[in-house]
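> How does the following fold in three dimensions:
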Amino acid sequence: MRLGISHPQERRPVRLVRPGQRGFQRNAEFRVYGPTCDSNDVLGAPFVLPECIAEGDWIEVGMMGAYSLSMRTKFNGFFTDNVVALAN
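Sure thing, here's the model as predicted:
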């Protein structure tokens, strides 16, 4: 198995953010792919999230560091100016 720098295998702390709902039951592993239609646009390690996750839910990803915002681009027409800060 070859591990490249573009697909680090470390797991990030993640959680489902769904206003008004807490205490989700069972978790499952999910592979996370980006919107670019590029086979290289996938995170190396799965995210462990509640299996009830649905389109439109928000996922908080911890420990992303400085590159999570500075490396975003308008590649392939996908870009957002929405940045959401969550408080505990």
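
> For this structure, which segments are assigned as strands?
Remark: strands assigned in the chain by DSSP state E are 14-17, 27-30, 47-50, 58-61.

> and among these, the most buried is which?
Among the strands of the chain, the stretch with the highest mean neighbour count (mean count of other C-beta atoms under 10 Å) is strand 47-50, at a mean of 18. From N, CA and C alone the C-beta is placed, and that goes for glycine too.

> Just the CA trace of that one, in PDB.
Taking C-alpha atoms only, strand 47-50 is exported to PDB below (Å, rounded to 0.1, in the frame of the first residue of the first chain):
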ATOM      1  CA  PHE A  47     -15.100  10.200   8.600                       C
ATOM      2  CA  VAL A  48     -17.100   8.500  11.400                       C
ATOM      3  CA  LEU A  49     -20.500  10.200  11.600                       C
ATOM      4  CA  PRO A  50     -24.000   9.300  12.600                       C
END
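
> which other residues reach it?
Defining contact as C-beta atoms under 8 Å, 6 or more residues apart in numbering, one finds that strand 47-50 is touched by 11-12, 14-16, 24-30, 32, 59, 61.

> List the neighbouring strands of it plus their orientation.
Listed by DSSP bridges, the sheet partners of strand 47-50 and their directions read strand 27-30 (antiparallel).

> and the strand it pairs with, how far out from the chain's middle?
13 Å (C-alpha atoms, centre = their mean, to the nearest Å).

> what about the spatially closest residue to Arg26 that is not a sequence neighbour, distance to Gly62?
Spatial nearest neighbour of Arg26, excluding adjacent residues (C-beta to C-beta, 6 or more residues apart in numbering): Glu51 at 5.2 Å. Here Glu51 is placed at a distance of 20 Å from Gly62 (C-beta to C-beta, to the nearest Å).
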